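Visitor: got a sequence here, can you model it:
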Amino acid sequence: MRVLHIITGLGVGGAEQQLRLLLRHLPADCEVVTLTNPGAVADGLAADGVRVTHLGMHGNRDLTALPRLVRLIRAGRYDLVHTHLYRACVYGRLAARLAGVRAVVATEHSLGDTQMEGRRLTAGVRALYLAGERLGSATVAVSAAVADRLKRWGVPAPRIQVVPNGIDLDGFRFDAGRRAATRRRLGLPEDAFVVGGIGRLAPGKRFDVLVRALARLPEDCWLLLVGGGPEEHLLRRTAQEAGVAGRVLFTGERPYIADGSAGPDLPSLTSAMDLFASPSADEAFGLAAVEALASGLPVLYAACPAIEDLPPSETGGARRVRGGPEEYARAIAEARAAGPGPRTVPRAAHRYSISRSAARLMDVYAAALSGPGASPRGAFLPAPSPPASPAAPAASPASSSVSSVSSASSFGASPS
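Guide: Residues are numbered from 1 along each chain as shown. Sure thing, here's the model as predicted:
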């Protein structure tokens, strides 16, 4: 089976890194088109042996990208097209149909109640999304919460399939040596209690709550913020005003998979933490929280469908916290007073193995290829016990370079 994945951009982001991890476990011949921004994840995919093509799209209204994409799809003779993120879904579904590909799947990675991919939802955004959705075979929701939102938008329930995001259990498993090395590299005191936050530094993530909570905690408590985004300068100023600038570390965007670049990867950073906190009140899945669980960390969260969809007995040290800095400071202090746990992996993390998500997605592909009215066999019921170790990534015959179908080599990503 030949599958073309179309994504808005390939900078370091949750959907982008999830795609790379997925392609390591998907038993199909896959290639990738990025509409804009062939960044670090594009380089990683190329290193994995996946052919990546940069379409060179200038912005949301660059209609010249559509015929280029149609020609590319026709030339590739793909069996199925899979789109990721809003702009890629709008252009990719239409291009696939114009190119004669009938099996078109789209994944909705980041649909909240009030935002999509960090941007405010409007009537126009919704109308365009629904018009494009009709051109596809199925829409994949990364959680039951996202599936419910899609239904409320008007997407027919039979067209929605839930395939949760997947995690690399072995990659995030706690390692004491990696913890010590990462803490030394970051300059963290040996006895520091480190609270971690992971995600895009944008208003919806509410990382300012953690900065202000830190001001209410003892001097040996530190905050480690992993990610990049438009709010970094505001968070630095907030830390300065709160008198905790010396105890807040910003790592910038970090890859899930070690890529040889300067700085530790994400699993190394979770090993260095003592607690994970996510004050975001509007999440589509909550991948960072699940990865923190896989590292054996206690987790405080405001909203996390991935955890909320499971029985409390399986979520280990996960606890929901509503409120602001005072409530988070109190919860952090209580978690610290309870003492360090054994850093074992709770059952919840095993439910989201990347190998299981890849297998479920192949069922969605099979249904899309079998024609209208078909549905994947069985419901996605994550295993209640740890799955077998994931198989080694399938080799890809594709080129290991990033090619471009436009004369420009790179464009900054514009709003999706």
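Visitor: phi and psi next, for S353.
Guide: phi -60, psi 140 (degrees, to the nearest 10).
Visitor: surely it is in contact with I167?
Guide: Yes: S353 sits in contact with I167 when judged by Cβ atoms under 8 Å, with a separation of 7.0 Å. C-beta coordinates here come from the backbone N, C-alpha and C atoms, glycine included.
Visitor: for V209, which non-adjacent residue is closest in space?
Guide: Closest residue to V209 apart from its sequence neighbours, by Cβ to Cβ, 6 or more residues apart in numbering: P279 at 4.2 Å.
Visitor: my guess is that neighbour contacts V211. True?
Guide: No: using Cβ under 8 Å, P279 is not in contact with V211, being 10.3 Å away.
Visitor: any idea how far P189 is from G243?
Guide: In this view, P189 and G243 are 18 Å apart by Cβ to Cβ, to the nearest Å.
Visitor: check A215 too.
Guide: From A215 to G243 the distance is 6 Å (Cβ to Cβ).
Visitor: ok, those two, which is more surrounded?
Guide: A215 (16 against 10; other Cβ atoms under 10 Å).
Visitor: what about the residue nearest to the more buried one when sequence neighbours are not counted, how many residues nearby?
Guide: Distance criterion Cβ to Cβ, 6+ apart; nearest residue to A215, sequence neighbours excluded, is A242 at 4.1 Å. Number of residues near A242 (other Cβ under 10 Å) recorded here: 18.
Visitor: how close does A242 sit to T34?
Guide: 39 Å.
Visitor: give me the neighbour count for L234.
Guide: Look at L234: counted by other Cβ under 10 Å, it has 14 neighbours.
Visitor: let me redo that: E308
Guide: Neighbour tally, E308, other Cβ under 10 Å: 17.
Visitor: so what's it up against?
Guide: Going by Cβ atoms under 8 Å, 6 or more residues apart in numbering, E308 touches 145, 320.
Visitor: at 6 Å what do you get?
Guide: The contact partners of E308, by Cβ atoms under 6 Å, 6 or more residues apart in numbering, come to none.
Visitor: which strand or helix spans A147?
Guide: helix 144-153 (DSSP states H and E).
Visitor: got a list of contacts for that helix?
Guide: The contact list for helix 144-153, computed with Cβ under 6 Å, 6+ apart, reads 108, 111, 141, 157, 160, 162, 284, 305, 309.
Visitor: mind listing which of these are in strands?
Guide: 108, 141, 160, 162 (DSSP state E).
Visitor: what's the farthest-apart pair in the residues you listed?
Guide: E108 and V162 (10.5 Å; Cβ to Cβ).
Visitor: tell me the residues that contact both of these two, please.
Guide: Between them, E108 and V162 share the contacting residues A141, judged by Cβ under 6 Å, 6+ apart.
Visitor: which one's more surrounded, those two?
Guide: E108 (28 against 17).
Visitor: for the more buried one, what are its contacts?
Guide: Per Cβ under 6 Å, 6+ apart, neighbours of E108: 141, 146.
Visitor: thank you kindly, that will do.
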